[in-house]
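Chemist: show me how the following folds:
(one chain, ligands or ions: 1)
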Amino acid sequence: MQRLVIVSNRVPAVRDRKQPAGGLAVALRAAVQDHPCLWFGWSGQQIGGDGADRTLSVDTVGNVTYATIGLTHKEYNGFYQGYSNGILWPLCHYRAGLMNYSRHDQQIYASVNTLFATRLAPMLKPDDMVWVHDYHLFPLGKALRDLKVKARIGFFLHIPFPPWSLMRSLPEAPALMRDLRAYDVIGVQTEDDARNMNEAFAVLGIPAKARVFPIGIDPDSFAACAREGQSLPQVQRLRQDLRGLPLIIGVDRMDYSKGLPERLRGYDTFLKRYPEYRGKVTYLQITPVSRGSVPEYQSLRAELDQIVGHINGTYGAFDWTPVRYLTHPLPRELLAAFFQLSSAALVTPLRDGMNLVAKEYVAAQVPENPGTLILSRFAGAAADMEDALLVNPHDSDEIAAALHKALSLSGSERRVRWERLRAEVWRVTAASWARSFIAAMSEVRTA
Ligand code: GDG
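Modeler: Coordinates of the predicted model:
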């Protein structure tokens, strides 16, 4: 069997049994189970000095060999925080106004991609299938080709790809697009993303084509988690606390793409417009801090503190807290169990490549009493989840109305919607996503 080589910015800690809070790692772990696999990337560690003497750490667990390198502080700042998360992330989420463009960061981004290629190339065999992930590594394929790597190389973009009219506000956008030619397969999440990327290729006269490979979850394992989680003491305590009243849940990395202030304002509007719910519903928002040293993320945190405080101060009572808000991650089992306990989930990103939480929420429900998914039209997941209550995340009145509707749907209507969503979540999974991407790579020319 051919070896699969995965390259991603972060490689999950080898012996870390805990699940990381990030969609890519969650999906890939489920996907690579049945391949001999080399997984290459950044260790997550920052190293001193200029990196000249940096070592490659190699460790094998089961079928996967993990090979990682550290990044210097300068590389961390320029490549990871600066260009990847301070420039490409906002731009790809249609937020050019939040870009902190810097030519200096761009140079470090390019040099780290070259570094990755230089370290990876000697480990590659001609019949490997190399699968490169995400916006941190747009130029990696080209850098590998420059080193005469003949193996097949594919690229998958987990986040949205905006229209060319927006993307071109990045000075290097034409060069990035040209670099993509090095890949044998280019995958994106949705038809919209493929249309945007192919439009960019067409405008620039680049003979490349993006194809759609929607990502999913491992629904059986998530459903099992939700079932088993029911016996956890925290779940029983929460259930007792709720005294039969409905729970609304939200789970998102703390990121401005997730529409959190807008969602909280929607909940505020809901309590204002439907006062009958005051004291009769609880909203639990779980928002692990991420990228906490990027300035935009710090101001988001302050804004959320302010809005949550405002809602709880305005509507709260001595025996009722309207919003329970956590900024640390919870174990996966507990999350899954809380999903099952919730009458509704709010998944309302302003933009999202796919959004796995939407799929996890569906997987965690039970047929006897399924909860209702409220989903942003601008999540990639919305393309195939039309039986959710779809909302415009900017419109707090629409969020409020959807919450009211979710909490008043009849049992049979909830079941009909959930059955259809369930079929979809079991149809497109992490495994089927990986299989179809790998199949596409197998079909291209061999060395
Ligand atoms: C990117 C794209 C795309 C969250 N909090 C906790 C926790 N999580 C887990 C969730 C879910 C994952 O993290 C988040 O995945 P998403 O897909 O929702 O979002 P991103 O992290 O932005 O992922 C996204 C994805 O890549 C895959 O292609 O869908 O559009 O932005 O699995 O459950 N997990 C635990 N505790 C938490 O507190 N254990």
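Chemist: any idea how far the longest helix along the chain is from the chain center?
Modeler: Scanning the chain for the longest helix, with DSSP state H as the assignment, gives helix 295-315. Distance of helix 295-315 from its chain centroid, counting by C-alpha atoms, centre = their mean, to the nearest Å, is 23 Å.
Chemist: now swap in stretch 439-447 and tell me
Modeler: Using C-alpha atoms, centre = their mean, the offset of stretch 439-447 from its chain centre is 27 Å.
Chemist: for it, which positions count as buried?
Modeler: For stretch 439-447, a neighbour-count test (16 or more other C-beta atoms under 10 Å) marks Ala440, Met441 as buried. Placement of C-beta: from N, CA and C, glycine included.
Chemist: also stretch 245-260?
Modeler: Within stretch 245-260, the residues scored as buried using 16+ other C-beta under 10 Å are 246-260.
Chemist: my guess is Met441 meets Arg152, correct?
Modeler: Yes: between Met441 and Arg152 there is a contact at 5.1 Å, judged by C-beta atoms under 8 Å.
Chemist: joint contacts of these two?
Modeler: Shared contacts of Met441 and Arg152 (C-beta atoms under 8 Å, 6 or more residues apart in numbering): Met129, Asp184, Val185.
Chemist: give me the secondary structure label for the residue of the stretch 101-250 of the chain found nearest the ligand.
Modeler: With C-beta to the nearest ligand atom as the measure, His158 is the residue of the stretch 101-250 of the chain nearest to the ligand, at 3.6 Å. Secondary structure, DSSP: H, G, I helix; E, B strand; the rest coil: His158 is coil.
Chemist: separation between it and His93?
Modeler: Using C-beta to C-beta, to the nearest Å, His158 is found at 12 Å from His93.
Chemist: now do Arg263
Modeler: From Arg263 to His93 the distance is 16 Å (C-beta to C-beta).
Chemist: so these two - more neighbours on which side?
Modeler: More neighbours surround Arg263 than the other of Arg263 and His93, with 27 against 22 (other C-beta atoms under 10 Å).
Chemist: next up, phi/psi of the residue in the stretch 201-350 of the chain that the ligand sits nearest to, please.
Modeler: Minimum separation of the stretch 201-350 of the chain from the ligand (C-beta to the nearest ligand atom) falls at Pro329, amounting to 3.3 Å. Backbone dihedrals for Pro329, given as degrees, to the nearest 10, come out at phi -70, psi 150.
Chemist: and for it, the neighbour number?
Modeler: By other C-beta under 10 Å, the residues close to Pro329 number 19.
Chemist: wait, it touches Thr287, no?
Modeler: No: judged on C-beta under 8 Å, Pro329 makes no contact with Thr287 at a distance of 9.3 Å.
Chemist: got the CA coordinates for stretch 148-166 in PDB?
Modeler: The C-alpha trace of stretch 148-166 is given here as PDB (Å, rounded to 0.1, in the frame of the first residue of the first chain):
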ATOM      1  CA  LYS A 148      12.900  17.900  -7.800                       C
ATOM      2  CA  VAL A 149      10.300  16.000  -5.800                       C
ATOM      3  CA  LYS A 150       8.400  13.800  -8.200                       C
ATOM      4  CA  ALA A 151       5.800  12.300  -5.900                       C
ATOM      5  CA  ARG A 152       2.200  13.200  -6.300                       C
ATOM      6  CA  ILE A 153       1.200  16.200  -4.300                       C
ATOM      7  CA  GLY A 154      -2.300  17.400  -3.400                       C
ATOM      8  CA  PHE A 155      -3.500  20.500  -1.500                       C
ATOM      9  CA  PHE A 156      -6.600  20.900   0.500                       C
ATOM     10  CA  LEU A 157      -7.800  24.300   1.700                       C
ATOM     11  CA  HIS A 158      -9.900  24.000   4.900                       C
ATOM     12  CA  ILE A 159     -11.000  27.600   5.000                       C
ATOM     13  CA  PRO A 160     -13.100  29.600   2.400                       C
ATOM     14  CA  PHE A 161     -11.600  31.000  -0.700                       C
ATOM     15  CA  PRO A 162     -13.000  34.500  -1.400                       C
ATOM     16  CA  PRO A 163     -13.900  36.000  -4.800                       C
ATOM     17  CA  TRP A 164     -10.800  37.200  -6.800                       C
ATOM     18  CA  SER A 165     -12.000  40.800  -6.500                       C
ATOM     19  CA  LEU A 166     -11.300  40.500  -2.800                       C
END
